[in-house]
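A.B. asks: Predicted model and sequence below, questions to follow.
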Amino acid sequence: MPIVTCLFLLIAAGPREGVAKGTLAPAAAEKLIDERAHQTIVLIQSHDWKGLVPFVHPVKGLCLSPYNAACEKGMPLATLAELWESGKKLTWGSYDGSGEAIRLSLQDYYRRLVWDRDFAAAKSVLYNAYVDRGGDHYDVLETHPGDVVVDFHVPQRRPDQHDWRSLRLVFEKSADTWYLVAIVHDEWTI
């Protein structure tokens, strides 16, 4: 069974917005992937691993990444379905701040680091666009040039709280189909 390895990249830069070199412009990316992205987010919401099969890259599988970290290797969707049923714990990276290992079952990982907000109801959805929201040090677009990144963003609840969340879906083209290769969770970190 493949092991999920995450690499944390720190980019020393001030607040920034934009589109990474080599990626489709936001309007073109939205036109290309909007329907598929919304179908995918509904399947993720209901943790419908079987329904997600035709959306996930058949060779690369799916990488789950906490804290906006880059994925090195995905796992087959069948493995994710088995993990969901088994309750087996895996190490998914480390918690921001403490550095402790994130050792959770897929169900617990899903509740904490995939679906901790209702991303299907997100009012802000960005396509191949990056907005530095503070505390987030890595631009997923930079490590996925040519791919389409869809950012489902839920803003902070009150101005004095840093509890915003984003779920970024990364789609890669293979033949004539755009496949999901990564689900990248993001939140304010220290």
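C.D. replies: Noted; the coordinates are in hand.

A.B. asks: how about the strands in the chain?
C.D. replies: With DSSP state E applied, the chain shows strands at 6-7, 17-18, 63-65, 70-71, 89-94, 101-105, 124-127, 130-131, 148-154, 165-174, 177-187, listed in chain order.

A.B. asks: Format the ones you listed as a markdown table; extra columns: mean pLDDT and distance to Glu142.
C.D. replies: From N, CA and C alone the C-beta is placed, and that goes for glycine too. What follows is the strands of the chain, written out as a markdown table (pLDDT from 0 to 100; distance: least, CB to CB, whole Å):
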| stretch | mean pLDDT | distance to Glu142 |
| --- | --- | --- |
| strand 6-7 | 28 | 12 |
| strand 17-18 | 48 | 10 |
| strand 63-65 | 87 | 14 |
| strand 70-71 | 67 | 9 |
| strand 89-94 | 88 | 19 |
| strand 101-105 | 93 | 23 |
| strand 124-127 | 94 | 15 |
| strand 130-131 | 72 | 8 |
| strand 148-154 | 93 | 10 |
| strand 165-174 | 93 | 12 |
| strand 177-187 | 91 | 12 |
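
A.B. asks: burial measure for Glu35, as a count.
C.D. replies: Taking other CB atoms under 10 Å as the criterion, the count of residues near Glu35 is 9.

A.B. asks: can you pull the contacts of it?
C.D. replies: With CB atoms under 8 Å, 6 or more residues apart in numbering as the criterion, no residue contacts Glu35.

A.B. asks: Quick one: residues contacting Asp116.
C.D. replies: Contacts here follow CB under 8 Å, 6+ apart; on that basis Asp116 touches Arg165, His185, Glu187.

A.B. asks: Can you turn the buried part of these into a ChimeraX selection?
C.D. replies: In ChimeraX, a selection of the buried entries from the contacts of Asp116 looks like this (16 or more other CB atoms under 10 Å):
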select :165,185,187
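
A.B. asks: For His144, what are phi and psi?
C.D. replies: phi -130, psi 50 (degrees, to the nearest 10).

A.B. asks: Give me the spatial nearest neighbour of it, chain neighbours excluded.
C.D. replies: Leaving aside its chain neighbours, His144 sits nearest to Val170 (5.4 Å; criterion: CB to CB, 6 or more residues apart in numbering).

A.B. asks: what's the neighbour count on the one you found?
C.D. replies: The local packing of Val170 (other CB under 10 Å) involves 23 other residues.

A.B. asks: ok so, going back, tell me the one among the contacts of Asp116 nearest to Gly146.
C.D. replies: Distance to Gly146, by CB to CB, is smallest for His185 among these, at 22.4 Å.

A.B. asks: all helices for the chain, in order.
C.D. replies: Using DSSP state H, the helices found in the chain span residues 26-45, 49-52, 77-86, 106-113.

A.B. asks: Which strands and helices lie in contact with the third one?
C.D. replies: Meaning helix 77-86. In terms of contacts (3 or more CB pairs under 8 Å, 6 or more residues apart in numbering; DSSP states H and E), helix 77-86 is packed against helix 49-52, helix 106-113.

A.B. asks: Cool, thanks, talk later.
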